[in-house]
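1. Could you work out the structure for the sequence below:
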Amino acid sequence: MTNEWQGWRDAMERALYGPDGFYTRPGGAGPAGHFRTSVHVSPLYAGAVAGLLCRVDAALGHPSELALVDVGAGRGELLTGVLGALPEEVAARVCPYAVELAGRPEGLDRRIVWGAELPPEGSLSGLLFANEWLDNVPLEVVETDEDGVPRRVLVRADGAERLGAPVAGADAAWLARWWPVAGAGPGARAEVGRPRDAAWARAVRTLRSGLAVAVDYAHQEEGRPPFGTLTGFREGREVRPVPDGSCDLTAHVALDACGGPSARRLTQRAALRALGVAGRRPPLSLASADPAGYVRALGAAGAAAELTDPAGLGAFGWLLEPVGGACTRLLTEWDE
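-> Down below sits the predicted model:
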């Protein structure tokens, strides 16, 4: 890692995805070694995604080849879980793709196509799913100076920061539209989500028809955090964001800026409930009739409650963007 001053976008790119980056380091533990995503909480999550894929399949008229694209696939945990949860008739037609910069894990299902790049634009029909991917797309951080002028924040590999030149051009235009901090007084921070908008738009264009879904830490225009959200994670703990490759670097996503005109935003709580993940306790009568079944059902209810907790994972944002009329109609079935 370089100890030169640079913008946070370049620093994140190097620290996360460089030759010895947090996500690309050979032999690394992967995301599961440092933090729990919804995928790692319970198989219920993969089951819900499998249910969503079945809905997309039906909306598309049960095509002979049904794509499932996992963007930011980690070690393939979500794809593995979804493939195991699908009905046999659907699983036989699924073409699974993992998009991930890290190398292919050993023992992964041979059906899964593993690559560092998205499939070609307009090449697939099915479901594209990006779970906690956009929050790791590198972006610039800005801070207002004593005169309220937004300036690019420069950082070194040791985490030290200083203010650079005023923000200009396309980044300034994005801030003015989506996260206006000019004149807010000294010390106000924002994260310029323009690279994430572009990354998501490219991901959506992978589909010829179907549904693209992004799930992430998110905020909306009426509630942007006044001091930004950039932080680090290491071994299950939130840490100071230091771009030296030793920790994850993440910032919440302005999902409202990412989505196109036909996109819909939901909380994870609402989305998973619509997919049958409710978190209801099993009836006590089951405890005497089937004690083992009661224990299993109770465990599933606890996991469902964690996935839909409005103060935790349930507050995640889901951005659902249909491609083609069939899946546009599918979204009309979803109610908050």
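2. Closest to the centroid, which residue in the protein?
-> residue 132 (2.2 Å; CA atoms, centre = their mean).
3. Quickly note the distance from residue 266 to residue 9.
-> When distance is defined by CB to CB, to the nearest Å, residue 266 is 29 Å away from residue 9. Heads up, the C-betas are built off the backbone N, CA and C, glycines and all.
4. next one: residue 218
-> 19 Å.
5. more crowded one of these two?
-> Counted by other CB atoms under 10 Å, residue 218 and residue 9 do not tie: residue 218 has more neighbours, with 23 against 19.
6. List the contacts of the more buried one.
-> 252, 253, 254, 255, 265, 316, 317, 319 (CB atoms under 8 Å, 6 or more residues apart in numbering).
7. how does it look with 7 Å?
-> By CB atoms under 7 Å, 6 or more residues apart in numbering, the contact list for residue 218 reads 252, 253, 255, 316, 317.
8. which one of the residues you listed sits closest to residue 84?
-> In terms of CB to CB, no member of the contacts of residue 218 lies closer to residue 84 than residue 316, at 23.1 Å.
9. show me what contacts residue 215?
-> 131, 132, 268, 316, 318.
10. now do 8 Å
-> Each residue near residue 215 by CB under 8 Å, 6+ apart is listed here: 38, 129, 130, 131, 132, 268, 316, 317, 318, 319.
11. element containing it, please.
-> strand 207-216 (DSSP states H and E).
12. strand partners of that strand, parallel vs antiparallel please.
-> strand 124-131 (parallel), strand 317-323 (antiparallel) (DSSP bridges).
13. and residue 261, how far is that from residue 321?
-> For residue 261, the distance to residue 321 - CB to CB - is 10 Å.
14. Can you say which helix or strand has residue 9 in it?
-> helix 8-17.
15. helices or strands up against whichever helix or strand comes after that helix?
-> Counting by DSSP H and E, the next helix or strand C-terminal to helix 8-17 is helix 38-41. Under the contact definition 3 or more CB pairs under 8 Å, 6 or more residues apart in numbering; DSSP states H and E, helix 38-41 sits against helix 43-59, helix 77-85, helix 291-308.
16. quick one: buried residues of the next helix or strand along the chain from the second one?
-> The one in question is helix 77-85. Downstream of helix 77-85, the first helix or strand assigned by DSSP H and E is helix 88-91. The neighbour-count check on helix 88-91 (16 or more other CB atoms under 10 Å) flags 90, 91 as buried.
17. just to revisit the earlier point, hmm, which of the contacts of residue 215 is lowest in pLDDT?
-> Ranked by pLDDT, the contacts of residue 215 bottom out at residue 38 (86).
18. residues near the closest residue to that one other than its chain neighbours, how many?
-> Nearest residue to residue 38, sequence neighbours excluded (CB to CB, 6 or more residues apart in numbering): residue 45, at 4.6 Å. Neighbours of residue 45 under the rule other CB under 10 Å: 28.
19. Also residue 133?
-> Counted with other CB under 10 Å, residue 133 comes out at 23.
20. these two touch, right, it and residue 217?
-> No: with contact defined as CB atoms under 8 Å, residue 133 does not reach residue 217; the gap is 11.3 Å.
21. need the least confident one among the helices and strands packed on helix 38-41, by mean pLDDT.
-> Looking across those, the weakest by mean pLDDT turns out to be helix 291-308, at a mean of 66.
22. Show me the chain divided up by domain.
-> Taking automatic domain parsing as the reference, the chain has its domains at 36-137+193-218+253-331, 140-189.
23. Of these, flag the one that's most buried.
-> Highest mean neighbour count among the domains of the chain (mean count of other CB atoms under 10 Å): domain 36-137+193-218+253-331, with a mean of 19.
24. where's residue 249, which helix or strand?
-> Element membership of residue 249, judged by DSSP H and E, is strand 248-250.
25. Pull up the pairing partners for that strand, direction included.
-> strand 231-234 (antiparallel).
26. Next one: residue 130 from residue 258, what distance?
-> Distance, residue 130 to residue 258, using CB to CB: 10 Å.
27. Please identify every residue contacting each of the two.
-> 200, 214.
28. ok, back up a step: which ones among the contacts of residue 218 lie within strands?
-> Counting by DSSP state E, the contacts of residue 218 place residue 317 in strands.
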